[in-house]
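Enquirer: Sequence and predicted model, in that order:
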Amino acid sequence: MIAIDLRTVVLMSSVMPGMMSAVLYFMRRGFPSNIRGLGYWAAGSLVISVAAVLLALRGTVPDGVSIVFANACVLTGVGLWLIGSDQFVARKPSWALVVGAVILGTACLAWLLWVRPSYTGRLIWMSAILAVLYGVAGGRLLRHGGRNTAFLGAMFLIQATSAAVRCVTSFVSSLASTGYFVSDLIQTLYFGVSELMTLMVTVGFVMAATSRLRLQLEQQSATDHLTGLLNRRAFANVHGIEHQRIKQLGDTLALLIIDLDHFKDINDRHGHGMGDRVLVDFSERIASRLAAPGYFARLGGEEFAVLLPGADATAAYVQADRIRRLVEQRANAALPPYTCSIGIACLPGFDATLERLSHVADAALYRAKSGGRNRIEPPDPRVPADSVNPPREPI
């Protein structure tokens, strides 16, 4: 068997966490504040890097430094990784577990070094505590983090498994390690897996953070900044997907165009801030009651749209009437009363392009406005789907 210098392996393992600590620190400064946990990941990586250097110095510096303090740093670093992971997935930080693990681990190491010296005892306690910390972090990320933390969560669980195996084998005399830098099979495998996983965990931090940032940017590009609804571009994309599906099913596609009545008067009388509050109130109330499957978007200003895949004209009218009645009911006394007018379009799948649906719904909306507002107008069979848009009422 090829002899491996485990001291060198431990020393080299300090390089990547130290470098990634700097990377994570600068990412934290440049990333949005709602991507949390990067600071704790950076701090934990730095502490792990320092711990690796101290562990590699065992035999050349006092045991209190290279054993007790160094392993306390390992527990602290992994604990900070756990806290960062909690924050990243918006869970309550596990401070009690981390502080308890560091205190218990440090006390056991000190006792088994100076009072009842036992290398095997220290190995068992450290491995068991690390298995718990890694396991909790991995489970938290896999359970609450979604796809962008799956890789990182898996790396933590591999670390937890490795530490658990090391703990169990320490009870078997034929497999138990006799010294920290003794190159037996179990120790060599543990060191190899541990150092590789430390590298992969720090890479996983960067992957998770950049994936979360990309997801947020995609969401921001697809949503209206004021209401959080789909914007016009995202609504067009959703229509394209549903249009293809509806054509294959031979079904119908319905569109509601909704316009808030006299919205300009609300802005003029109460200010644009109040107008924004009305838009948000309308969006939240309708979004909470919209029957699935349905897509709700703000097209611009006070104009909104609802896409109803598979709905016929009757179902679309029922949904529109539900919306109109809900808006008519004044739910917030702090806001001025307001109503809405709705135009309906419903076309068979092959004809239900967004342009044609919009033409029909716009014509219906124009009739609702002209007829006195706070009204619903069904599609007029006399309005061809490919006709030119009717003139819109001036805002």
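Expert: Alright, I've got the coordinates. Just so we're clear, the structure is a prediction, and the values are computed from it rather than from any experiment.

Enquirer: Next, please give the residue ranges for the helices of this structure.
Expert: According to DSSP state H, the chain carries its helices in the segments 6-12, 15-30, 38-56, 63, 70-88, 95-110, 119-144, 150-169, 185-222, 232-249, 263-270, 272-289, 313-328, 354-370.

Enquirer: do you know which of the ones you listed lies nearest Ala345?
Expert: helix 354-370 (3.6 Å; CB to CB). Placement of C-beta: from N, CA and C, glycine included.

Enquirer: what helices or strands is the closest one leaning on?
Expert: helix 232-249, strand 252-260, strand 340-348, strand 376-377 (3 or more CB pairs under 8 Å, 6 or more residues apart in numbering; DSSP states H and E).

Enquirer: List the buried residues in the first one.
Expert: Spelled out, that is helix 232-249. 234-235, 238-239, 242-243, 246 (16 or more other CB atoms under 10 Å).

Enquirer: To Ile257, which of the helices of the chain lies closest?
Expert: helix 354-370 (4.1 Å).

Enquirer: Spell out which residues sit in contact with Phe171, please.
Expert: If you count contacts by CB atoms under 8 Å, 6 or more residues apart in numbering, Phe171 has them with Ile124.

Enquirer: one more time with 7 Å
Expert: Phe171 sits next to no residue when contact means CB atoms under 7 Å, 6 or more residues apart in numbering.

Enquirer: Repeat that for Ser341.
Expert: Ser341 neighbours (CB under 7 Å, 6+ apart): 259, 261, 365, 368-369, 373-375.

Enquirer: Try it again at 10 Å.
Expert: 257-261, 320, 324, 364-377, 393 (CB atoms under 10 Å, 6 or more residues apart in numbering).

Enquirer: Make a ChimeraX selection of whichever of those turn out to be buried.
Expert: Typed into ChimeraX, the next command selects the buried ones out of the contacts of Ser341 (criterion: 16+ other CB under 10 Å):
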select :257,258,259,260,261,320,324,364,365,366,367,368,369,374,375,376,377
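
Enquirer: hang on, the earlier thing: distance to Val9 and pLDDT added to the buried residues of helix 232-249, as a markdown table?
Expert: Formatted as a markdown table, the buried residues of helix 232-249 follow (distance: CB to CB, whole Å; pLDDT from 0 to 100):
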| residue | distance to Val9 | pLDDT |
| --- | --- | --- |
| Ala234 | 50 | 93 |
| Phe235 | 55 | 95 |
| Val238 | 52 | 93 |
| His239 | 57 | 95 |
| Glu242 | 56 | 93 |
| His243 | 58 | 94 |
| Ile246 | 60 | 92 |
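
Enquirer: May I see those organised as JSON lines, with distance to Val15 added?
Expert: Formatted as JSON lines, the buried residues of helix 232-249 follow (distance: CB to CB, whole Å):
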{"residue": "Ala234", "distance to Val15": "44"}
{"residue": "Phe235", "distance to Val15": "49"}
{"residue": "Val238", "distance to Val15": "47"}
{"residue": "His239", "distance to Val15": "52"}
{"residue": "Glu242", "distance to Val15": "51"}
{"residue": "His243", "distance to Val15": "54"}
{"residue": "Ile246", "distance to Val15": "56"}
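
Enquirer: so what's the closest residue to Leu253 other than its chain neighbours up against?
Expert: In space, Leu253 comes closest to Ala352 once its chain neighbours are excluded; the distance is 3.8 Å by CB to CB, 6 or more residues apart in numbering. By CB under 10 Å, 6+ apart, Ala352 lies in contact with 239, 242-243, 246-247, 251-255, 307, 309, 345-346, 360, 385.

Enquirer: quick one: pLDDT of Ala352?
Expert: What the model reports for Ala352 is a pLDDT of 94.

Enquirer: Kindly report the same for the one 3 residues further on.
Expert: Looking at Glu355, its pLDDT stands at 95.

Enquirer: and what of the one 10 residues further on?
Expert: Here, the pLDDT recorded for Leu365 equals 96.

Enquirer: Stretch 205-216: how far from the chain's middle?
Expert: 9 Å (CA atoms, centre = their mean, to the nearest Å).

Enquirer: That one - what's its average pLDDT?
Expert: So the average pLDDT for stretch 205-216 ends up being 93.

Enquirer: what helices or strands is the worst-scoring helix or strand of the chain on mean pLDDT leaning on?
Expert: Using mean pLDDT, DSSP states H and E, helix 6-12 stands out as the lowest-scoring helix or strand of the chain, at a mean of 78. In terms of contacts (3 or more CB pairs under 10 Å, 6 or more residues apart in numbering; DSSP states H and E), helix 6-12 is packed against helix 38-56, helix 185-222.

Enquirer: Select from those helices the stretch with the lowest mean pLDDT.
Expert: Among the helices and strands packed on helix 6-12, helix 185-222 carries the lowest mean pLDDT (a mean of 87).

Enquirer: Can you list the buried residues in it?
Expert: 186-188, 190-191, 193-195, 197-209, 211-213, 222.

Enquirer: what's the angle between that helix and helix 150-169?
Expert: 160 degrees (axes from the mean of the first three to the mean of the last three CA atoms, to 10 degrees).
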